[in-house]
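Chemist: predicted model, plus sequence, below.
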Amino acid sequence: MKKYRKEVDLIRKLRAIAERVKKDKSLGPAFRVVLTQLSRDIDSALSFWNHRPAQTQLLKPSSESLQIGGGSRYIEGFVNLDIFPPADIIWDSRYGLPFPSESFSFVFSEHFLEHIDFPVSVRRILKETYRVLRPGGKIFIAVPNGGKAV
């Protein structure tokens with residue numbers, strides 16, 4: 001992170017500008033939504049950069065079960081992976097999953113996929129989910145409207 005201090009400071013300034021501009025009452029709703037999403041994306045990127053390990057390596061899971069994108073819903077007995085704490089592993093799953101193939105017998109993800117870009121990141125995460133699943137393993141994925149992704 002120190003290596004990119006200038007860039008991170010610039011990104012933080014960009015977020016502050018987006019928040020300031022968003023308060024302008026003359027903005028149309030669509031532009032306000034874009035600025036809100038920009039702020040969220042910046043928060044996600046900063047969280048990932050602040051928590052990621054110095055060297056990326058495949059991690060040995062501490063459980064048979066994985067939760068992807070649980071947000072504040074921490075599940076005991078699972079490896080909880082999210083871009084924000086309180087997850088066990090702070091990771092941006094759009095970059096792939098940091099586990100060896102066939103690491104988990106159960107993968108759970110609820111109300112996560114609708115928060116990332118479709119179709120590129122959704123497809124990548126689904127491929128990665130199947131990669132880390134053991135043969136015969138089970139996946140449970142819930143989204144508000146799965147027809148878009150199927």
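Modeler: Structure's in. What do you need?
Chemist: buried residues in the helix-or-strand element of the chain with minimal mean pLDDT?
Modeler: Within the chain, judged by mean pLDDT, DSSP states H and E, the helix or strand with the poorest mean is helix 29-51; its value is a mean of 80. Under the neighbour-count criterion of 16 or more other Cβ atoms under 10 Å, helix 29-51 has 35, 38-39, 42, 44, 46-48, 51 buried. C-beta coordinates here come from the backbone N, C-alpha and C atoms, glycine included.
Chemist: do the same with stretch 130-148
Modeler: 132-133, 137, 141, 143.
Chemist: so can I have TSV of those showing secondary structure and distance to Leu10?
Modeler: As requested, the buried residues of stretch 130-148 are exported to TSV (DSSP: H, G, I helix; E, B strand; the rest coil; distance: Cβ to Cβ, whole Å):
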residue	secondary structure	distance to Leu10
Val132	helix	34
Leu133	strand	39
Gly137	strand	42
Ile141	strand	36
Val143	coil	34
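Chemist: just give me the closest of those residues to Glu19.
Modeler: Nearest to Glu19, judged by Cβ to Cβ, of those is Val143 at 28.4 Å.
Chemist: His111 is in contact with that closest one, correct?
Modeler: Yes - in this structure, Val143 is within contact of His111 by Cβ atoms under 8 Å, at 6.7 Å.
Chemist: state the number of residues packed around the residue nearest to Leu97 when sequence neighbours are not counted.
Modeler: Closest residue in space to Leu97, ignoring its immediate chain neighbours: Glu128 at 4.4 Å, by Cβ to Cβ, 6 or more residues apart in numbering. The local packing of Glu128 (other Cβ atoms under 10 Å) involves 20 other residues.
Chemist: list the contacts for Glu128?
Modeler: With contact set as Cβ atoms under 8 Å, 6 or more residues apart in numbering, Glu128 has these partners: 93, 96-97.
Chemist: which phi and psi does Asp92 have?
Modeler: Torsion angles at Asp92 (phi, psi; degrees, to the nearest 10) stand at phi -90, psi 100.
Chemist: burial count for it?
Modeler: So Asp92, with other Cβ under 10 Å, has 18 neighbours.
Chemist: Ser62 now?
Modeler: Ser62 has 10 neighbours, counted by other Cβ under 10 Å.
Chemist: residues contacting it?
Modeler: Residues in contact with Ser62, defined by Cβ under 8 Å, 6+ apart, are 79, 88.
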